[in-house]
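This is a predicted model, with the sequence first.
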2 protein chains.
Amino acid sequence: MADQLQLHSYWRSSAAYRVRIGLNLKGLEYRTVPVHLVRDGGEQHSDEYHALNPQELVPVLQHGERVLRQSLAILEYLDETWPRHPLLPSGSRERARARALAQTVACEIHPLNNLRVLQFFEHTWNVPQPEREDWVRHWIGQGFAALEEMLADHPGTGDYCVGDTPGIADCCLIPQVYNARRFGVDMSAYPTISRVEAACLAHPAFDAARPENQPDAPRP
Amino acid sequence: MADQLQLHSYWRSSAAYRVRIGLNLKGLEYRTVPVHLVRDGGEQHSDEYHALNPQELVPVLQHGERVLRQSLAILEYLDETWPRHPLLPSGSRERARARALAQTVACEIHPLNNLRVLQFFEHTWNVPQPEREDWVRHWIGQGFAALEEMLADHPGTGDYCVGDTPGIADCCLIPQVYNARRFGVDMSAYPTISRVEAACLAHPAFDAARPENQPDAPRP
């Protein structure tokens, strides 16, 4: 059991959702350790979790004694450790494109919209909820407009973001589309993103990773 | 000349600064194509630049016909294309740590503080300058506190973030420390970060990449 995989996750965290997809694509079994990001001020701020990740963010993946942080670093680690079903393409040019697509979500959209930022607006700046939601839609809109251009008509785009097998860019895109829908973004402006989303959601690895299919999701 | 390297850069952009360090560490010659992010509303919004990068962000690296976007994807591409002076360590565990440190800057600190976000606060929400600067210091403080813990007393930390040669984590950290100093963050709370910074700034690859040493920096 030394090499057991444990994912510290929250059902609605889009960074954890990325890693769940990656683990499922590789067919790796893992145990979910729920970290409730809202209850009691947020379990990610506990001393116990802080020791695991001083950033007090999910996900963390434990692989035996190894403690792995940051979702994109974890996905690269999965790819290096279990090469079956690669999450990155084989050529350096295609790898650069896949990483750039993934980072457009992970460095340009998601950081601006995550929980701690919205909490800062609510509690420190007293920004009303409609403006907070406009903010979220503003950055998703900017990022998705760029992504749509980077995907549409590019010869490297296939059924998925890069070619005809799902990979690291899809691991990032799908959780971001989930957030976009949650905040009422009109997805009709992004036909290529929507097409890739449909392909992904029909894939069992993505389906099993959905927020509502997690053990810590609230029961209806 | 087909394989000439051209970096679309702005002297003060910390994402471009990361790539300049990486290019210099590898001893690669490149031509700087300045993109003034402020003048005339921002040259990154021109049709010409948009065609190069729909995200309208710097940097972009052109390698012959290849157009590479997103600073971390570019650094990985440099490492794969020119293996001399690796920017990533050789073991998968150490690589995961180096990437997590780099992403703590690139996904958790910098996106919240870059120009377009501060412009949004100024022009859309009319946030006064002192509050905007508090915002910048808030996220640098949170991120640096976590980074300091991840670096201090970790056996993997050496003269640099990971071991005794500079790499991808240092490429991200040093531009972020530059921004921290610019906004008056008290660096005495982060002794390990400050020690790594001193080592890096004494290195010619980092020195040549400094904002004030760029061809498009304003002359004093």
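Sure, I can see it.

and whichever helix in chain A runs longest, what does it pack onto?
Ranked by residue count and defined by DSSP state H, the top helix of chain A is helix A:129-151. Here helix A:129-151 touches helix A:92-103, helix A:110-113, helix A:115-123, helix A:168-182, helix A:191-201, going by 3 or more CB pairs under 8 Å, 6 or more residues apart in numbering or on different chains; DSSP states H and E. All C-beta spots, glycine's among them, are computed from the backbone N, C-alpha and C.

Mind listing what's buried along the longest one?
Under the neighbour-count criterion of 16 or more other CB atoms under 10 Å in any protein chain shown, helix A:168-182 has A:168-180 buried.

ok, it near chain B or not?
No. Applying CB under 8 Å from any CB of the partner chain, one finds helix A:168-182 out of contact with chain B, separated by at least 10.5 Å.

The third one too?
Yes. Applying CB under 8 Å from any CB, one finds helix A:115-123 touching chain B at A:117, A:120.

Show me what that helix is packed against.
By 3+ CB pairs under 8 Å, 6+ apart, helix A:115-123 packs against helix A:129-151.

The residue sitting furthest away from the middle of chain A in helix, strand or coil?
For chain A, the residue at maximal distance from the C-alpha centroid (CA atoms, centre = their mean) is A:N126, at 27.8 Å. Recorded secondary structure, A:N126: coil (DSSP: H, G, I helix; E, B strand; the rest coil).

what about it, distance to A:A209?
36 Å (CB to CB, to the nearest Å).

Name the spans of chain A whose pLDDT lies under the cut-off.
Applying pLDDT under 70 to chain A flags residues A:1-2.

Now do the domain split for it, please.
By the assignment in automatic domain parsing, chain A contains the domains A:5-85, A:92-206.

Can you say which of the ones you listed is nearest to B:V19?
Nearest of the domains of chain A to B:V19, taken as CB to CB: domain A:92-206 at 12.4 Å.

Please state the offset of that closest one from the chain centre?
Centroid displacement of domain A:92-206 relative to its chain, using CA atoms, centre = their mean, to the nearest Å, is 9 Å.

Straight-line length of that domain, end to end?
This stretch, domain A:92-206, spans 26 Å end to end (CA to CA, to the nearest Å).

what about A:P220, neighbour count?
4 (other CB atoms under 10 Å in any protein chain shown).

which SS class is it?
On the basis of three-state DSSP, A:P220 is classed as coil.

Please tell me how far it sits from A:E212.
9 Å.

ditto for A:R181
12 Å.

List the contacts of A:G27.
A:84-85 (CB atoms under 8 Å, 6 or more residues apart in numbering or on different chains).

Please report how far it lies from B:W135.
On the measure of CB to CB, A:G27 and B:W135 end up 43 Å apart.

Quick check: A:T32 vs A:N24, distance?
A:T32 is 12 Å from A:N24, where distance means CB to CB.

I misspoke; the intended subject was A:P83.
From A:P83 over to A:N24 the distance is 16 Å, taken as CB to CB.

Looking at these two, which one has more neighbours?
Higher neighbour count among A:P83 and A:N24: A:N24, with 21 against 10, using other CB under 10 Å.

what about that one, helix or strand, and which?
Take DSSP states H and E as the rule and A:N24 turns out to sit in helix A:14-25.

Same check on A:Q6?
Using DSSP H and E, A:Q6 falls in strand A:5-9.

What lies in contact with that strand?
Contacts for strand A:5-9 (CB under 8 Å, 6+ apart): A:16, A:19-20, A:23, A:28-35, A:49, A:52-53, A:58-63, A:214, A:216.
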